[in-house]
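Asker: Any chance you can model this:
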Amino acid sequence: MFSCLATDASFYMLPDKLRRPLMFYFGHPSALYINKMHQAGLVDHVNPYFQKLFETGVDEMSWDDMDAMQVSRMGDLYHMNSVNLSSRTKIMANLTRHPPYTPSTVRGFWVARRQRGH
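Answerer: Next comes the predicted model:
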């Protein structure tokens, strides 16, 4: 979706008065995953400043407007892309080492447990 934006300035525009700038949505997923993995002790921080800035929920309320100062602190697109790529590398490496539970592995666990007679 973000590759369709015509200019870098598009990332800082508000698509709706109750939404955050698109740059927020560009940085939020990686911040969310890294923060959760860090809380679990699985990874180190990538960029603590950006992780704090982009960790907020995506559904903004009118009383919780993101002010112009926060938008200006989001940094440039090149730096945010670099943080996203570093985050992706850590997330993927961690998922390779610790595969998530899938319905088939959870089901396999319960089937094996039942076959063992509890």
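Asker: Now do the strands for this protein: every range, in order, please.
Answerer: Counting by DSSP state E, the chain forms no strands at all.
Asker: Contacts for stretch 33-51, please.
Answerer: 27, 30-31, 55, 75, 80, 83, 86-87, 90-91, 94, 98 (CB atoms under 8 Å, 6 or more residues apart in numbering). All C-beta spots, glycine's among them, are computed from the backbone N, C-alpha and C.
Asker: ok, now with 7 Å
Answerer: Residues from elsewhere that reach stretch 33-51, judged by CB atoms under 7 Å, 6 or more residues apart in numbering: 27, 31, 55, 83, 86-87, 90-91, 94, 98.
Asker: roughly how far apart are residue 80 and residue 91?
Answerer: 16 Å (CB to CB, to the nearest Å).
Asker: which stretches of the protein form helices?
Answerer: Remark: helices assigned in the chain by DSSP state H are 22-39, 48-54, 68-72, 77-97, 103-115.
Asker: okay if I get the ones you listed as TSV plus mean pLDDT?
Answerer: Listed next are these as TSV, based on pLDDT from 0 to 100:
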stretch	mean pLDDT
helix 22-39	87
helix 48-54	86
helix 68-72	61
helix 77-97	88
helix 103-115	56
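Asker: Serialize those helices to CSV and add fields for mean neighbour count.
Answerer: As requested, the helices of the chain are exported to CSV (neighbours: other CB atoms under 10 Å):
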stretch, mean neighbour count
helix 22-39, 19
helix 48-54, 17
helix 68-72, 11
helix 77-97, 15
helix 103-115, 9
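Asker: Tell me how far residue 76 lies from residue 23.
Answerer: Going from residue 76 to residue 23 by CB to CB gives 9 Å.
Asker: CA atoms only: put stretch 17-34 into PDB for me.
Answerer: Backbone C-alpha positions of stretch 17-34 (Å, rounded to 0.1, in the frame of the first residue of the first chain) are rendered in PDB as follows:
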ATOM      1  CA  LYS A  17      -9.200  14.000  11.300                       C
ATOM      2  CA  LEU A  18      -9.700  10.900  13.600                       C
ATOM      3  CA  ARG A  19      -6.800   9.000  12.100                       C
ATOM      4  CA  ARG A  20      -3.000   9.400  12.500                       C
ATOM      5  CA  PRO A  21      -0.700  10.300   9.700                       C
ATOM      6  CA  LEU A  22       0.200   7.400   7.300                       C
ATOM      7  CA  MET A  23       3.700   7.400   8.700                       C
ATOM      8  CA  PHE A  24       2.300   6.200  12.000                       C
ATOM      9  CA  TYR A  25       0.700   3.200  10.200                       C
ATOM     10  CA  PHE A  26       4.000   2.500   8.400                       C
ATOM     11  CA  GLY A  27       5.900   2.300  11.700                       C
ATOM     12  CA  HIS A  28       3.300   0.800  14.000                       C
ATOM     13  CA  PRO A  29       3.400  -2.900  13.100                       C
ATOM     14  CA  SER A  30       7.200  -3.200  13.600                       C
ATOM     15  CA  ALA A  31       7.100  -1.300  16.800                       C
ATOM     16  CA  LEU A  32       4.200  -3.500  18.100                       C
ATOM     17  CA  TYR A  33       6.000  -6.800  17.300                       C
ATOM     18  CA  ILE A  34       9.400  -5.700  18.600                       C
END
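Asker: Cool, thanks, talk later.
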